Structures are given as C-alpha cells and as structure tokens.
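In: Structure for the following, please:
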Amino acid sequence: MHVGETCITSSDSVKNLGIIFDKCVNMTPDHVSSVCRVSYYHLKNIRSLKPFLSEETLVTLVHAFVTSRI
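Out: Purely as a prediction, here's the structure:
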C-alpha cells in the first residue's frame, strides 16, 4: 500500500497486548469447541474451591481465568 511517497508492506504476524497474531488465525468450529470445553472443565474445578475461598477471592480468580482465555 502506498501512502503519499511511503510504501507500507504487510507483515505475516503482529503483536498486540502481548499476543502474537499470524495471518492464518481463524475461528474454526473445532478451535472454538476445544477452547470452550477446556474452559468449562477449569471453571468446574474452580467451583470446587468455593467453600474454601472468600467471595471476593473467588470473583478475582474467575476474572483472572476468563481474562487469560481472552
């Protein structure tokens, strides 16, 4: 792409918020299903900790887990 007199070339990968995205990243149903399945498993395990944690700590743990998966 040309902007004025400058030629800008595309890259094969970019880094944003510490995550590297390549040009082949796609949301195939298999990938989405796998992420959902693994996340559900870990959330069930976090639920088993509920009797041992305060509500504030549990909320922080769930938020950290979800944020790490995004």
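
In: all helices for the protein, in order.
Out: Secondary structure of the chain by DSSP state H: the helices cover 29-47, 55-69.

In: Tabulate these in a markdown table, adding columns for mean pLDDT, mean neighbour count and distance to residue 12.
Out: (C-beta placed from N, C-alpha, C; glycine too.) Output for the helices of the chain, formatted as a markdown table (pLDDT from 0 to 100; neighbours: other CB atoms under 10 Å; distance: least, CB to CB, whole Å):
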| stretch | mean pLDDT | mean neighbour count | distance to residue 12 |
| --- | --- | --- | --- |
| helix 29-47 | 81 | 11 | 20 |
| helix 55-69 | 90 | 11 | 25 |
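
In: Reformat those into JSON lines and put distance to residue 9 next to each item.
Out: Formatted as JSON lines, the helices of the chain follow (distance: least, CB to CB, whole Å):
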{"stretch": "helix 29-47", "distance to residue 9": "28"}
{"stretch": "helix 55-69", "distance to residue 9": "32"}
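
In: closest one to residue 7 among these?
Out: Closest to residue 7 of the helices of the chain, according to CB to CB: helix 29-47, at 34.4 Å.

In: among the helices of the chain, which is nearest residue 3?
Out: Judging these by CB to CB, what sits closest to residue 3 is helix 29-47, at 34.3 Å.

In: how far is that closest one from where the chain is centred?
Out: Chain-centre distance of helix 29-47: 12 Å, with CA atoms, centre = their mean, to the nearest Å.

In: which residues make contact with it from outside it?
Out: 58, 61-62, 65, 69 (CB atoms under 8 Å, 6 or more residues apart in numbering).

In: hmm, try it at 6 Å
Out: Under the contact criterion CB atoms under 6 Å, 6 or more residues apart in numbering, helix 29-47 has outside partners residue 69.

In: and that helix with helix 55-69, angle?
Out: If you take axes from the mean of the first three to the mean of the last three CA atoms, to 10 degrees, helix 29-47 sits at 160 degrees to helix 55-69.

In: Ok, which of the helices of the chain comes nearest residue 8?
Out: helix 29-47 (30.1 Å).

In: Can you show me the CA trace of that closest one as CSV?
Out: Provided in CSV are the C-alpha atoms of helix 29-47 (Å, rounded to 0.1, in the frame of the first residue of the first chain):
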residue,chain,number,x,y,z
PRO,A,29,-15.5,-24.5,14.9
ASP,A,30,-13.0,-27.1,16.2
HIS,A,31,-10.9,-24.5,17.8
VAL,A,32,-13.8,-22.7,19.4
SER,A,33,-15.2,-26.0,20.7
SER,A,34,-11.8,-27.0,22.2
VAL,A,35,-11.4,-23.7,24.0
CYS,A,36,-15.0,-23.9,25.4
ARG,A,37,-14.5,-27.5,26.5
VAL,A,38,-11.2,-26.8,28.3
SER,A,39,-12.6,-23.6,29.9
TYR,A,40,-15.7,-25.3,31.2
TYR,A,41,-13.5,-28.0,32.7
HIS,A,42,-11.4,-25.5,34.6
LEU,A,43,-14.4,-23.4,35.7
LYS,A,44,-15.9,-26.6,37.2
ASN,A,45,-12.6,-27.1,39.1
ILE,A,46,-12.7,-23.5,40.3
ARG,A,47,-16.2,-24.1,41.6
